[in-house]
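Engineer: Quick check, what structure comes out for this input:
(one chain, ligands or ions: 2)
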Amino acid sequence: MSMIPVVALVGRPNVGKSTLFNRLTRSRDALVADFPGLTRDRKYGEVKHGKHRFIAIDTGGITGDEEGIDSAMAGQSLAAIDEADAVLFLLDARAGLTPSDHALATKFRSSNKPFYYVVNKVDGVDPNTAMAEFYELGVEQFYPITATHGRGVRHLLDELVATFPPVEEAEEDKEEDRYKSTKIAIIGRPNVGKSTLVNRLLGEDRVVVYDQPGTTRDSIYIDYERDGEPYTLIDTAGVRRRKNVKEVVEKFSIVKTLKAIDDANVTILVMDAREGIVDQDLHLLGQVVESGRALVLAVNKWDGLEPDHKDRVKFELERRLQFIDYAEVHFISALHGTGVGHLYESVNKAYHSATDKMSTRQLTTILEGAVFDHPPPMVNGRRIKLRYAHAGGQNPPIVVIHGNQTDKVPASYQRYLEKTFRRHLDMVGTPIRIEFRTSE
Ligand code: GDP
Ligand code: GDP
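Structural biologist: Ligands and ions are numbered 1, 2, ... in the order given. Sure, this is the predicted structure:
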C-alpha cells in the first residue's frame, strides 16, 4: 500500500500558504485541481525533505465576500484535512490572531489529525510578543517561520517528517516488491476510460485475479497473474469496489492519483482520443515524470474515429509530448479490447528497464565510450573529467558519475550522456537520472 504521507496547508487568506507551498515544492509543477467535479483552488505538489517525501496540499485561492468566506474556507480546508495525514495551520504574526483564525480553529477541533500551528511572517516582529496572543488558542507549541525567506521552515519540516514512517523501511519494501509483482497504476482524468480499461485488463482470458476487498479511500490493489507473471493493478477509478452498477463510484481524487503513481513501478496514463490531449493530461504527465516512475501512454477510444481525426491526435502527441520521448504510446479501445493486450509488452519492457541491475563495469564502459566520442568541454582552462560510473538506484534508474568539476557539466552534455546510457542499456519507458559526484 501506498506510504507517501499527505500534508495539508490551511489557514485564512493571506497568511502565506501559497508562499510556503511554493517554497516547499520549489520549482516543481503544482497540480491544480481544476478537474470537473472537484473543488477548485486546491494545489498539490511533492515535497522532498532529506530522505523524506510527502504530498502537500495548498488550500489557498479562496475568494468570496466577507460573510461567506469563513465557511467557504472551512469547507475547503476540511476537505483537504480529510485527505491529509498531518496539517499545517498557518497564522499571521503581523495580523495577529483574528476572528477568522478562531473560527477555523473551532471547526478543526473535532479533527483527530496531528496539527502543527505555524506562525508565519515573524520577520521584523519580535517573535515572543508576536506569538503571545496566539496562546489564546489553547495550543502549546507553535512554529515561528518566515515563509518568504525560509526561516524556521527547516525546523518545522524536521519535526513534521520525524512522525512519518522511516524511509529505509519503505525502500526495503520496494526492494522486496520487485520480486513479488509488477505494480501498474492506471491513471487519467475522469471519463477517459480507466474503469473500462481496468475491467478489460482483468477480464482477459489469460488473467487469474485474486480479488481483494476494497479499502475505504485509497485506490484498490488487485493482484493477478498473466502468463504466469505476477502483477498488481492499482485501480484509481475504484471499479472493483462498486458492489452494484447503481452505486456511485468515488469521484476522481488527485491525492489518490499521486499516491498511486508513487507506489507503482509502471504508470499507464490513459487519455481520450476524442478530446485530444488537454492540459490536465499534461499536468498528470508532469507528475509521473517528476516521480521517476516508468510510463506507458494509452490513447483510448481509438475506435470509430475518422482518419483525419486520428492524424490530428498523432500530430498533437508528437508536438506536445516531445519531453517524454522515452514512453511508448498505444492507441487502444478499452471498450472493444483492441490493443489492450499489447500494453503488457510496453509495461514489461518499462518495468525491466526501470529495475534491472546495472553493473559498475557496464556503466563505466558506456561512460568511457561517450567521453571518447565527445569529450566534455573545458571550464576555466581545465577539462571536465568524468572517470567512472555506478548504479545509484532503480525505478528510476540512477547513474552516478564520478569525476572532477562535475558541477560544471553543461545541461546539454548531461542530456547527451543520458541519451547514450539509454541507447546502450536499451532502456524503454523509464526516465533515467544522472547524478554527479566530485572526487578531487
Ligand atoms: P495565502 O493567501 O495564505 O496563500 O497567502 P500568500 O502566500 O499569497 O501570501 C500573502 C501575502 O503575504 C503575500 O504578499 C506574501 O508575499 C506575504 N508573505 C508570505 N509570507 C511572508 C513572510 O514570511 N513574511 C512577510 N513579511 N510576508 C509574507
Ligand atoms: P473513467 O472515469 O476514466 O473510469 O472512465 P470510464 O471507464 O467510466 O469511461 C467513461 C465513458 O467512456 C464510458 O461511457 C465508457 O463506456 C466510455 N469508453 C471507455 N472506453 C472507451 C473506448 O475505448 N471507446 C469508446 N468509444 N468509449 C469508451
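
Engineer: Going by C-alpha atoms from here, please, whenever you check contacts or count neighbours.
Structural biologist: Will do.

Engineer: Which positions in the protein make contact with ligand 2?
Structural biologist: 190-196, 237, 300-301, 303, 333-335 (Cα under 6 Å from any ligand atom).

Engineer: let's see 8 Å
Structural biologist: By Cα under 8 Å from any ligand atom, the residues of the chain that approach ligand 2 are 187-198, 237, 239, 252, 270, 300-304, 332-337.

Engineer: pLDDT weak spots in the stretch 101-250 of the chain?
Structural biologist: For the stretch 101-250 of the chain, the stretches with pLDDT under 70 are 168-179, 211-217, 240-250.

Engineer: those helices in this protein, which residues are they?
Structural biologist: 17-25, 66-83, 99-108, 127-132, 153-162, 167-180, 194-203, 254-263, 279-291, 307-320, 343-355, 360-373, 411-425 (DSSP state H).

Engineer: Pick the most buried one from the ones you listed.
Structural biologist: Among these, ranked by average contacts under mean count of other Cα atoms under 10 Å, first place goes to helix 254-263 (a mean of 24).

Engineer: list the helices and strands that one packs on?
Structural biologist: When contacts are defined as 3 or more Cα pairs under 8 Å, 6 or more residues apart in numbering; DSSP states H and E, helix 254-263 packs onto strand 182-187, helix 279-291.

Engineer: CA-only coordinates of that helix, as CSV, when you get a sec.
Structural biologist: The C-alpha coordinates for helix 254-263 follow below in CSV (Å, rounded to 0.1, in the frame of the first residue of the first chain):
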residue,chain,number,x,y,z
ILE,A,254,-5.7,13.9,-7.1
VAL,A,255,-4.3,12.6,-3.9
LYS,A,256,-5.3,9.1,-4.8
THR,A,257,-3.7,9.5,-8.2
LEU,A,258,-0.4,10.9,-6.8
LYS,A,259,-0.2,8.1,-4.2
ALA,A,260,-0.9,5.5,-6.9
ILE,A,261,1.9,6.9,-9.1
ASP,A,262,4.3,7.0,-6.2
ASP,A,263,3.5,3.4,-5.3
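
Engineer: and it with helix 279-291, angle?
Structural biologist: Per axes from the mean of the first three to the mean of the last three Cα atoms, to 10 degrees, the angle that helix 254-263 makes with helix 279-291 is 40 degrees.

Engineer: neighbouring contacts of helix 254-263?
Structural biologist: The contact list for helix 254-263, computed with Cα atoms under 8 Å, 6 or more residues apart in numbering, reads 1-4, 6, 33, 44, 55, 83, 183, 185, 187, 218-219, 234, 236, 267, 287-288, 291, 293.

Engineer: same thing but at 7 Å, please
Structural biologist: The list of residues contacting helix 254-263 from outside it, by Cα atoms under 7 Å, 6 or more residues apart in numbering, reads 2, 4, 185, 187, 218-219, 234, 236, 267, 288, 291.

Engineer: the inter-axis angle of it versus strand 182-187?
Structural biologist: Going by the same axes, to 10 degrees, helix 254-263 makes 150 degrees with strand 182-187.

Engineer: what about helix 254-263, distance to the chain center?
Structural biologist: Its chain's C-alpha centre and that of helix 254-263 lie 6 Å apart, by Cα atoms, centre = their mean, to the nearest Å.

Engineer: got a pLDDT number for the residue of the chain most remote from its centre?
Structural biologist: Residue farthest from the centre of the chain, counting by Cα atoms, centre = their mean, is Gly381 at 41.3 Å. Note for Gly381: predicted pLDDT of 88.

Engineer: quick one: contacts for Asp92?
Structural biologist: For Asp92, counting by Cα under 7 Å, 6+ apart, the contacting residues are 15, 119-121.

Engineer: now with 6 Å?
Structural biologist: With contact set as Cα atoms under 6 Å, 6 or more residues apart in numbering, Asp92 has these partners: 15, 119-120.

Engineer: any idea how far ligand 1 is from Ile268?
Structural biologist: 33 Å (Cα to the nearest ligand atom, to the nearest Å).

Engineer: and the helices and strands packed on helix 254-263 as TSV, adding distance to Val153?
Structural biologist: TSV is the format used below for the helices and strands packed on helix 254-263 (distance: least, Cα to Cα, whole Å):
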stretch	distance to Val153
strand 182-187	33
helix 279-291	23
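
Engineer: Please give the number of neighbouring residues around Phe436.
Structural biologist: 18 (other Cα atoms under 10 Å).

Engineer: Arg109 now?
Structural biologist: 10.

Engineer: just the one 5 residues further on next, same as before
Structural biologist: Number of residues near Pro114 (other Cα under 10 Å) recorded here: 15.

Engineer: residue contacts, it?
Structural biologist: Neighbours of Pro114 in contact, by Cα under 6 Å, 6+ apart: Ala86.

Engineer: returning to that earlier point: out of the helices and strands packed on helix 254-263, nearest to ligand 1?
Structural biologist: helix 279-291 (20.9 Å; Cα to the nearest ligand atom).

Engineer: related to what we said a few turns ago, and ligand 1, which of the residues of the chain next to ligand 2 contact it?
Structural biologist: Of the residues of the chain next to ligand 2, not one also sits near ligand 1 (Cα under 8 Å from any ligand atom).

Engineer: Restricted to buried residues, select the residues you listed in ChimeraX.
Structural biologist: Selection of buried members from the residues of the chain next to ligand 2 for ChimeraX, criterion 16 or more other Cα atoms under 10 Å:
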select :187,188,189,190,192,193,194,195,196,197,198,237,239,252,270,300,301,302,303,332,333,334,335,337
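
Engineer: Inside strands: which ones of the residues of the chain next to ligand 2?
Structural biologist: In strands, judged by DSSP state E, the following of the residues of the chain next to ligand 2 are found: 187, 270, 300.

Engineer: Looking at the second one now. What's its pLDDT?
Structural biologist: Predicted confidence (pLDDT) for Val270: 97.

Engineer: Was I right to think it contacts Arg189?
Structural biologist: No - between Val270 and Arg189 there is no contact under Cα atoms under 6 Å: 7.9 Å.

Engineer: What's the separation between Ser412 and Val428?
Structural biologist: 21 Å (Cα to Cα, to the nearest Å).

Engineer: Equivalent analysis for Phe142, please.
Structural biologist: In this structure, Phe142 lies at 48 Å from Val428, with Cα to Cα as the measure.

Engineer: more neighbours, these two?
Structural biologist: When Phe142 and Val428 are compared for neighbours, Val428 comes out ahead with 25 against 17, by other Cα under 10 Å.

Engineer: And that one, how close does it get to Leu285?
Structural biologist: Counting by Cα to Cα - Val428 and Leu285 are separated by 17 Å.

Engineer: distance of the nearest residue to Ala147 once chain neighbours are set aside from Asp82?
Structural biologist: Spatially, and ignoring its direct neighbours in sequence, Ala147 is nearest to Leu20 (5.0 Å; Cα to Cα, 6 or more residues apart in numbering). From Leu20 across to Asp82, the span is 20 Å (Cα to Cα).

Engineer: What of Val347?
Structural biologist: 33 Å.

Engineer: Since that was my last question, I'll sign off now.
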